[in-house]
Every structure is written in structure tokens, then in C-alpha cells.
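# turn this into a model:
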Amino acid sequence: ATYATYMAYVISRFTGIGYSFTAHAHDIYMDQTMLAEKVRKADLVVPISEFNRRLLVSLCPEASAKIRVVYCGVDTETFHPVERPANDPGSPAGPLKIVAVARMQEYKGIRYLVTACRLLRDRGIEFHSTLIGDGPERREIEQAILHKGLRDVLDCVGWLPSSEVAAYIAQADVVVLPSVVARDGMMDGLPNVLMEALSCSVPVVSTTISGIPELVDSGRNGLLVPPADPDALADALAELAGDPARRRLMGEEGRKRVLATFDLINNTQQKARLLDNVVHRTLA
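A predicted model of the protein is given here:
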């Protein structure tokens, strides 16, 4: 919604050709330059969550009819459940395998996961956590891991190619994304990694900000906690650690949720239909 849409807006003013745009996260949370005007003049505006739709409608109420939510989607063939060893559903299945995939910067909240891991260790809960990603806070996060004595249970592996990320997610017991609202106002919109995990039938633990509750039904396909609360995060992980049967049921519900609402092909077709309607209205 920022520079690309500004250019579309300018070109439209010169040529009379209409334009449409999508609205995700930083492009509407942090930079709202001419945003209401861009919405007002567009033929179609496609936010990726109901949370984003409400924000855009608040800025330009008269355009509400052309602001239509289309969720981002995940390739459910690439991100699919994998076969797991049959374990006794009534007992813990070894250390909890925690995976987090995120850019290492403030709004992803990874520092709170590191603190939560320390709390889990203090409680005597067995786990192993893998952090995948890079970014400006990586050195700080690695130093926190050392300072908290977590090197043997928490790996920070940096950036990985998508195929390896998919394999890590599919083998996880739980995928965690402790998103927060950063000091500059940046926050997640509707994180892809949560869709990818649920598509793999892996339950998630995340926070209650922005569009995340539209994907994660807390208690059904994952658990949501308040942002910037490592104690609540540790409680949620501890709740799942000793209950593989519940994790399995949550994962199954997550896969159903993605197939119903967040499938890439279905959502792309939905957006294509909206654009097709715009074209037909323009030519009518």
C-alpha cells in the first residue's frame, strides 16, 4: 500500500486506468501517507485480514463496500503432515520440539521466547527449541541464550532455504511465534509461518495481536497468549508439553482450518474473481 500503490495512484490520475492494491502489515500500520486517498480512489482494496479491513474502513468509511478481505494462503501440498512414530497418547513423547521461524527483530518477540525457555527449564520441563531466521536482533538473541545458559536446549540456526524450513516445521511438536507490537508500531499482520505449521498439522502458540486470532482458535488448533508475556508463553508451552494426544488433535484441527480458509489456490481464485468483477464493472 506504500510506494507501489502511490505509483499506481499517480499513473491512474494521468491515464484514467483504474488500480487495486493489497494491504498487509507495515504498509498500513506504520506508513499511512495518503492511505485514505489511495483507498478512496482505488477500484478494489484487498486487506489480508478482518483486522486490516477494520483499520482501512476507519480511515475511509465511504469506501467500505470495495474493501474486501482475502486471506493469504499456504501451499498445502508443500506444507503437509508427515508420518510420526506411534507413541502412547497418554504419556509425554520425549522432549517437546519447539520451532520458531521469524526475522530477528523486535516485533517478532523472539526475546520473549528465550525467556520462556528459561522458565521451562526452571520448571524441569524437557524441551529443545530451534530458532530459524536472521535479522538485526540475532546477536542480541544469541547473547541472551548464552547468558541464560540455554545453549544445550536452544539452537539459533540462522536463515535456511524454504525446503529445510518446511522440514523443521513438519517435524515440530509446536511452532511458536510470540509476536508483539514494536515501539515503532510495527506488528505482524497474519504470519505465514502459522499457516504453514497448521497446514502441517502442527499446533501453534502465538499472541492475540492483529489478525492472528482469525487463524488461531485458541484451545482448538493452538494457544494464544498476551503479547510480551514470557510467563504466559511458558505456561502455554508447558500445557502442551505433556499432552501429545492434545497436540495431535490440535494439529488435525489446524489442518482442517487451513484447508477451509487459508488454501493458496482457493484464495488466489477468490482474488481473481474480485479482480474479474472490477474489470467487468469498468467495461460495462
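# residue boundaries of the helices in the stretch 1-150 of the chain?
3-15, 26-29, 35-41, 50-59, 110-122, 138-147 (DSSP state H, counting those that start in this stretch).
# which among these is found nearest to Val204?
Nearest of the helices of the stretch 1-150 of the chain to Val204, taken as Cβ to Cβ: helix 110-122 at 12.6 Å. Where C-beta positions appear, they are placed from N, C-alpha and C, glycine not excepted.
# what residues of the closest one count as buried?
Within helix 110-122, the residues scored as buried using 16 or more other Cβ atoms under 10 Å are 110-121.
# what stretches of the stretch 51-200 of the chain score poorly on pLDDT?
Within the stretch 51-200 of the chain, the segments meeting pLDDT under 70 span 85-93.
# and if we set it to 80?
84-93 (pLDDT under 80).
# next, format the buried residues of helix 110-122 as TSV and append distance to Cys72.
Converted to TSV, the buried residues of helix 110-122 look like this (distance: Cβ to Cβ, whole Å):
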residue	distance to Cys72
Ile110	22
Arg111	26
Tyr112	24
Leu113	23
Val114	28
Thr115	29
Ala116	27
Cys117	29
Arg118	33
Leu119	32
Leu120	31
Arg121	35
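# can you tell me which of those residues lies closest to Ala241?
Leu120 (7.6 Å).
# which of the buried residues of helix 110-122 lies closest to Val175?
Of the buried residues of helix 110-122, the one sitting nearest to Val175 (Cβ to Cβ) turns out to be Leu113, at 11.1 Å.
# against Ile67, how distant is the closest one?
Taking Cβ to Cβ, to the nearest Å as the measure, Leu113 falls 34 Å from Ile67.
# need the pLDDT of Met7.
At Met7, the pLDDT value in this model is 98.
# tally of neighbours for it?
By other Cβ atoms under 10 Å, the residues close to Met7 number 11.
# same question for Gln105.
16.
# so it sits against Arg138, correct?
No - judged on Cβ atoms under 8 Å, Gln105 makes no contact with Arg138 at a distance of 9.1 Å.
# now the end-to-end length of stretch 10-27.
18 Å (Cα to Cα, to the nearest Å).
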